[in-house]
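Q: sharing a sequence plus its predicted fold:
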Amino acid sequence: MFEQNKAIFRAIPEKVVNTGNLDAADQYFAQDFVDHTTPAGLPNGLAGFKAYITRLRSAFPDLHLTVEEVVAEGETVVVRATARGTMKGDFLEMKATGKTATWTEIHIGRLADGKVVEHWATIDQLGMLQQLGLAATPEQQAVAPGGVK
């Protein structure tokens with residue numbers, strides 16, 4: 001069971017997110033799938049996942065997630081991944097920067113009967129935004145207006 005669940009959860013970034021093949025998502029998610037990290041304004045469940053990936057890939061057309069590690073315990077699977085992409089389109093009210101960023105993601109899924117039924121994620125959004133020039137780095141924050149530290 002562990003190896004099957006790991007293979008299913010690994011396939012989502014590799015066969016859906018990286019390729020943009022949203023139809024493939026149907027084979028990995030249960031009909032009553034609940035995503036605990038759906039951004040505001042998107043529907044929950046599989047429709048929200050597909051809408052989010054569509055928007056993400058529109059903003060980062062070269063988006064690629066590399067699965068670094070997969071761990072399974074019971075019906076829970078954890079994936080540690082590295083994401084990389086160039087922001088060529090607007091995303092969640094942020095204007096495209098044309099810059100490339102690399103960030104880390106942790107995804108936790110609960111599977112039942114060979115399908116993902118729940119999902120949680122922690123994404124290094126601050127690191128991504130800093131690389132894209134959309135958030136100040138600690139070095140930039142250390143210097144106050146007028147050059148005072």
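A: Yep, that arrived.

Q: what is the longest strand of the protein by residue count?
A: The strand of greatest length in the chain, counted in residues with DSSP state E as the criterion, is given as strand 100-112.

Q: okay, buried residues for that strand please.
A: Across strand 100-112, burial judged by 16 or more other C-beta atoms under 10 Å covers 101, 103, 105, 107-111. Using the backbone N, CA and C atoms, a C-beta is placed for each residue, glycine as well.

Q: again with stretch 17-30
A: Applying a neighbour-count criterion of 16+ other C-beta under 10 Å, the buried positions in stretch 17-30 are 17-18, 22, 25, 28-30.

Q: make CSV out of the residues you listed and add secondary structure.
A: As requested, these are arranged in CSV below (DSSP: H, G, I helix; E, B strand; the rest coil):
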residue, secondary structure
17, helix
18, coil
22, helix
25, helix
28, coil
29, strand
30, strand
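
Q: now the two most distant members of those residues.
A: Across the buried residues of stretch 17-30, the longest distance by C-beta to C-beta is 22.0 Å; it joins 18 and 30.
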